[in-house]
Every structure is written in C-alpha cells, then in structure tokens.
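S.K.: Below are the sequence and a predicted model for it; my questions follow.
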Amino acid sequence: MGTHNFTRPSYTPFSLAIIASAVACAFHPFAHAKDTAGEYEIIEVQGATSLNTNGTTASSFGNVQTLTQDDIEGSVNRSLPELLKSQLSGVNLNDVQNNPFQPDLQYRGFTASPLLGLPQGISVYLNGGRVNEVFGDTVHWDLMPLDAIDTVSLYSGSNPLFGQNTLGGALALNTKTGFTFDANELDLQAGQFGQKAGSLESGGHSNNWAYYVNLNHYEEDGWRDYSPSEVQQVFTSLAYRNDTMLIDFNLLIADNELLGNGASPAELLDIEGREAVYTHPDQTNNKLKHINITGDFVLSDTLSLSANAFYRNTQTTSINGDDSDFGACQFNDGRITLCELEDDDDDDDDVVALRDHDDDDHDLPVVGDDDDIEAVEFIGYEEGTALADISEVDADDIDGTYNTGQTDADALGLSFQFAKHYPLSGFESEFIIGASYAKGDISYAADTTFGILENDTAEDSRTVLPIAGLMAEEARVRLDVDTTAWSLFFMNTTHLSQAVSLNVGGRFNRDHIVMEDLSEDGDDSLDGNHRFTQFNPAIGVDVALDENSVLNFAISQSSRTPSPAELSCADEDDPCRLPNGFVADPPLAQVVTQTIEANYTTRISNVDIMLNVFHSKSKDDIIFQQAGSVASRGYFINVDETQRQGIELSLGSTWEKFSYRVNYNYLDATYESSFTSFSPFNPQGPNRLVMAGNRIPGQPAHLVKVYADYALTDNTRIGAEVISASSQYFRGDEANENDSIDGYAIVNVHGTYRFNDTFTALLRINNVFNTEYETFGTYGEADEVLEDIYPDVEGAEFVGPAHPRMISVSLKAKF
C-alpha cells in the first residue's frame, strides 16, 4: 500500500504533539493485548522499517513495489539493476560505464550508483544490513547476489525509518533461506558478446534448521571494445526457527573485475561504430566479505523484537586511463620537465605550460620563481628535479595519465526494534521503537602515474601505458577516515476506525566523521572533524474506501550527511580527480529532503490500478561541478534547493492465460535556486547561469513501460515488454541551453518452455529491433585525443550508447 511525504517544517507544534501522544498511548497503563497464541507467525509487524521488509509489509509513508522469487527467476537478467528497470515503475538506468553491473539507477530523480560524483539519494539494505558504502554512499551492484534474492521491495518517499540517504526511496533485499527455497537448482546461461554464466543453489530444512547455498559465476566480453567483466559470488545461509524465534546467519563473498569504458564522443561513434571507446582502461575490482545476522523474537503475545548485526569489508581497486592535464615546459636553466596545462591571458612568458609548441626547446614556456603554475614534483625525487633528469621519455610524448585508487572499507552495524501491539478505543494499534549504531573505518590511497596514450593512428587502441616510477607528488592521497553514526527511531500506527489509521514516526540521527591525512600537513591537509545531527519526522493516513480501494497520504522527511568523499572534494579553487584525489575541504551542509505523497490503489473488474502523486523538495542538495580537462575532475557544492515531483500510474490484470501491466511515470526534476555551473566544455562556454526551473540533467520527464505475457500451453509462455523514455539534458547543461539526448523506445521479448518438472529453458532477446539510442550524455574535449587521427572531430558531446540487440538463453534443472 502507498502513502506519501510532504515538505513541511520539521518541528511544528502539531507534529510534536502527535509524536508525544503516540508515545503516551503506547505505554498507557490501560493498554493490554488480545489473548492470542504465541506462535512465531502470529505477531505481524505492520510498519515498514529497515528491519521489517519481508516483501508483504506495506509502507506507512509512501508506496511500495515488490518482486518475489518467482518474478526474479522468470527473467533472464544479468544484474539487479536490469531487473529493476524492466519490472518496477519509475526506475530508469543511465549507462554511464556501459557495464550491466555499473549503471546509475534513477528513481524519482534520485540516484543509487557505484560511481562517485553523483547525488546519491537511495538507501539500500540486504537482510536489514546497510550496503551503501561508507566512503561515498555508493552502491556496488555487482555485490548483490541476484539468484540468492528472495524478495525485492522498493519503498518510495523520504521515509526516515530507513535512515540516512533515504531521500527518494529505499531498496530492501531479502535473501533465500532453506525455509523459503527447498530444492536444488542448476542454471546455465549463454548469450551474445561472450556471455557465460552458471549458478548453483541448494536449500533445505528439517523441523528447526535450514541451510541455503548459492554459487554464481558470470563473465562476458562486453559489447563495447576492451570491456570484459567477470563476477564471482558465494552466498550461504544457516537459519534456525521455532515457535518464538527465527535467526538467520548468512555470509556473502564476492571477487569481481569490471571493465566499463564509459562515454565516447558522439562523432567517434559515427566514425568507428558504437562499440568504440575513447580512452581506457576503466577498470574496477571489488572484493567483499559480508557477514549478517538477523533475528526475530516473540517475547509475548503482543511484544516482538527484531535485530540485525552485520560486518562488511569492501576492497575496491580502480584504474582509469585518461588523457593528460600536463605538458612540456622548462626551468630557467633549460632542463625539460612537465607542468600542468592551464589557459592564460597574460603575456608573461615564464608562467604557462602550453599544449602546442615548436619542436625547438627554446620555444617551451619557462617556469619562473613567481609562476602561478609550478613544475610537477615527482614522487621519490627532490623538489626541482626535472623530467629530463629521471627519464629518457620525451615530455611531448607524455600525453596520458594512469590514475589508480584503492579503498579498504570496514563497516560494522547493529540495529534493533521492539514492536508492541495494543488496543485503543476498541481497535488494535502498534508502536515500534528502536535504535541503530554503525561504525566505519576507511583507508584510501590514490596515485597518478604519467603514461603514453596510444593514439598515433586510427588503428591504435587509445589505451594508456603507464611509465613505471613516474608519479605526481601532488596527486598522491593517503587518507584514513573513521565514521560513527547512531540513531533512535519510532513509529506508531493507530486505527481510528475500521477504515482509517494514523501513522506517526520519526528518527534522530547523529553522525561523526573524522578524516586524517597521512601524506599532507598544514592548510592543504585533508584533516577534518565533522558532526551532523538531524531529527526527521513523518506522518501518514491510510483510508480504506471499500474492500478493494485504499487511499494513502503522508508527509515525511529524511536527510543524508555529506560522505567523506564529498567532504574531501569541495574546494572550487583546488578541484580533485574522482575517484583518485582529494583536497582540503570547506564544509558541506547535510541534505534534507521533504516529500508529500498521495497514493490510491483499487481493483475494478479484475484490473489493478495504482495512482501516485509525489512532490519532493531538497535543501542543500550536493552536486558535482566539473572543473578540468577530464570529466572526473571537479568539486562538490551545495545547491540551495532542488525539486522532484511527478505522477505514477500503473494498470495491470490477468485474463485466463493472458496478463499485462502498463506503467507510466511523469517526472519534473528541477533546480529551484540559481547558481553558476562551471561546465568548462559546455558548447556555449563555461560558467553558465542556472536559473530556478531549469531541469536537472539525466532525468527523462516521461517513462512508459508495457508488459504482456501469454501462456500458449501448459508448458510454454511467451512475453514482451516495451520500454520508452523521453529526452534528457546532457550533464554539464544544467542551464538547459543545448540540444538534449533523444528519447527512445525499445522492445524486449522472452519465452519459457518447461520440458518436465526438472528442466526449463528460457530465451530473452533485448532490443529486438536493434535500436540505436543513448541513456547518458556529458561534455568533453574530444580533439585533445583525436585531433591527429580525426581532425574534423571537434564536438563536445560525449554519450553513453545503449546495448544493441542481445540474445541470451538459459537452461534450468531443478531437482
């Protein structure tokens, strides 16, 4: 069931009075329980929190969409994001990296992404344990074991009960146990572009004990050049239950290598084909150990306890091959070295390193004592050492950078809640109170190695070959971060009548972030000590209009603190390179989002109808400002106000052998305050004035999804889906002054044939008509790499091409 959230002041006397009355009612001395049996299944917690997302729990402060084990197994999707895009209303993907495990997932204009530099706004939980990474609130989709997932629940709105970062919604994943999966299954998959996958799962139980094991291996060559990936996952569960408790211990281990080479100049794709990449490698290696324990306990006929404890270690190594910000220059004594490239309007011959000069070294710019731009300092060498003193490589040949980053993050969390059922005025009510604690320990290291970009001819690969031992001192980062977060939360549901219930909740958050720079002292140090506190309330009303129709209305608020990555990269005068470098940090404010949402669900003549209207307003939203010759160079800022509002409509029905569903979403995502977008490669020029009402880039206004499924026989089913999105603006065009990325419509088809009770075959064809379209765009300087190969390439538009027609088949054996 859905409700909504509204932008209302957090501390109005009205809301505080309701909160106080809810607490009083819950512990009123006359409150007593019904005489019910004490079986485990009897106490059903109604309010959705991060500890109560079993796939059937309705949201008290927004809409909820749920996928079951059958929904997941009936699709042939490579990753969780692809499943969510094809099955859930309002979900859209930006293929920034062109890797199935690395998209930006957009929901109602908010983002969950594995990439730094985006305004993350969706919290993600696995069995009640938070999986947003502590360094940047990012989400690594390759660390989600799709085949081991039992239910997926997407909760809308700024529900504070799901904790920090729930600005636009919360995604809750619950995995299988031997109680929910009692079988053995082997799934083999193959497809175009080198797809090979195998999954083995086994589950079973006795009266009280249950086990579940899932082994996954996936690999592909990738449909773009130089883009192979490999994903390996192991998930296990050991569960115990009796009449009064259910305890589940699970372990997830993953070791993955992903290559996604991102956006390419639009003109390059026209010349070399849509599989062409600009520069590479762009590689991410993720290793994970995730231990999780959940428990549900019946303490009495009316009181229950739910608890979760988790430990998570994520090790991420990244490699990014880019073109260079550096060029040849010379000291006063004539020694050749490197300087960072800058544009300059002065006539001082001693200041600037230029991109182009004559072969005569005497034409090189000279580094003077008063220069604004200093010569590069090389790691392991004394200050003032010239490139010519340590390497035989010509400075003019160094036209690439090989950027590496390593993150080792430990996260430890504990949360619990009590749920009390009590009667009030003859109707049953429920009160939930709980607390959470999370501790993060992050070790981050980054380096930039100078390299040679192989781009002399059109046949060259445009890969960056690092020069061993030639590293920039200024780009080196060694950072330790400690984070501590604790919260108290509550929720009360009071049935005012048989048809009307009132939901009231809130959460108090306190966060502490301590950063220690291990490689720099003084004013340029990354040292920081940041504290944030926030109370976020929520209130909702559910009205049962008749036995088939429910109206929900809610007002809620949530927040997120700036992540350590954002706090360390917030200086416009000293931009950093993501994810490879950070600078001394001006403070950023935490983001606060308020949402109002109304949801109506009904069933008319066997047709299920859902209509949802929402309005979200964010204060101090955090965005990334591009500020360098590569798209990943820039800094974070707070924008005073942004707004996301829209309508969601869903229709679905089943008629004998035929079923269908239609989803339509309208999203109006805009900036509501003016600011200057630096955007150095905007076709209109840099420093564009963004006005209130300008649309946020990367967000299509219209999404349409149509699904149909038909049973040809008892053993054969066929289906199709049409997914359509309208145009969107390029990132970097926050002022909406340039052409947008065209909208698209694609068709996917699938079929299932069950040979017998053991064997089933599945076929899926994505993008049946091989439609060429893009889901992402940004601006860059293509001629820096391509001018000698393709001198006519001068456009600034970089796009993320979507995949072509893609066929995959799967054979499942269940025994």
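M.R.: Looks like it came in fine.
S.K.: pLDDT (mean, whole number) over stretch 464-482?
M.R.: Per-residue confidence for stretch 464-482 averages out to 91 on the pLDDT scale.
S.K.: Ala375: neighbour count?
M.R.: Close neighbours of Ala375, defined as other Cβ atoms under 10 Å, add up to 21. All C-beta spots, glycine's among them, are computed from the backbone N, C-alpha and C.
S.K.: Give the partner strands of the longest strand belonging to the chain in its sheet and their orientations.
M.R.: For the chain, the strand that runs over the most residues, judged by DSSP state E, is strand 427-453. According to DSSP bridges, strand 427-453 has the following sheet partners: strand 400-424 (antiparallel), strand 464-471 (antiparallel), strand 477-495 (antiparallel).
S.K.: buried ones in the last one?
M.R.: Judged by neighbour count using 16 or more other Cβ atoms under 10 Å, the buried positions of strand 477-495 are 477, 479, 481, 483, 485-487, 489-495.
S.K.: Run through the strands of the stretch 651-800 of the chain in chain order.
M.R.: Using DSSP state E, counting those that start in this stretch, the strands assigned to the stretch 651-800 of the chain run over residues 658-671, 675-677, 688-690, 702-711, 716-725, 744-754, 759-766, 774-779, 797-801.
S.K.: and if you look at the stretch 151-300 of the chain?
M.R.: When assigned using DSSP E, counting those that start in this stretch, the strands of the stretch 151-300 of the chain occupy the ranges 169-175, 184-191, 195-205, 209-220, 229-241, 245-259, 264-265, 282-298.
S.K.: so the last one versus strand 400-424, what angle?
M.R.: If you take axes from the mean of the first three to the mean of the last three Cα atoms, to 10 degrees, strand 282-298 sits at 20 degrees to strand 400-424.
S.K.: Find out how far strand 282-298 is from the centre of the chain, if you would.
M.R.: When distances are taken as Cα atoms, centre = their mean, to the nearest Å, strand 282-298 is centred 16 Å away from the chain's centroid.
S.K.: State the mean pLDDT of the longest strand of the chain.
M.R.: Strand 427-453 shows a mean pLDDT of 94.
S.K.: buried stuff in it?
M.R.: Taking 16+ other Cβ under 10 Å as the basis for neighbour counts, the residues of strand 427-453 that come out buried are 428-436, 438-440, 442-453.
S.K.: Over to the residue lying farthest from the centre of the chain: give its phi and psi.
M.R.: Using Cα atoms, centre = their mean, the residue of the chain lying farthest from its centre is Asp333. It sits 51.3 Å away. Backbone torsions of Asp333, given as degrees, to the nearest 10, read phi -90, psi 10.
S.K.: Distance of it relative to Leu364?
M.R.: When Cβ to Cβ, to the nearest Å is the yardstick, Asp333 and Leu364 sit 12 Å from each other.
S.K.: Next, format the buried residues of strand 477-495 as CSV and append distance to Asn403.
M.R.: As requested, the buried residues of strand 477-495 are exported to CSV (distance: Cβ to Cβ, whole Å):
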residue, distance to Asn403
Val477, 11
Leu479, 15
Val481, 20
Thr483, 25
Ala485, 30
Trp486, 35
Ser487, 36
Phe489, 40
Phe490, 46
Met491, 45
Asn492, 51
Thr493, 51
Thr494, 55
His495, 58
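S.K.: Going by distance to Ala598, which of the residues you listed wins?
M.R.: For Ala598, the nearest member of those is Thr493. The distance, counting by Cβ to Cβ, is 18.3 Å.
S.K.: Check whether the closest one really touches Asn503, as I assumed.
M.R.: Yes: in terms of Cβ atoms under 8 Å, Thr493 counts as a neighbour of Asn503; the distance is 5.1 Å.
S.K.: Val139: what secondary structure?
M.R.: Classification of Val139 by DSSP: H, G, I helix; E, B strand; the rest coil places it in coil.
S.K.: neighbours of the residue nearest to it when sequence neighbours are not counted, just the number please.
M.R.: Among residues not flanking Val139 along the chain, Ala112 sits closest, at 4.5 Å (Cβ to Cβ, 6 or more residues apart in numbering). In terms of burial, Ala112 registers 28 neighbours under the definition other Cβ under 10 Å.
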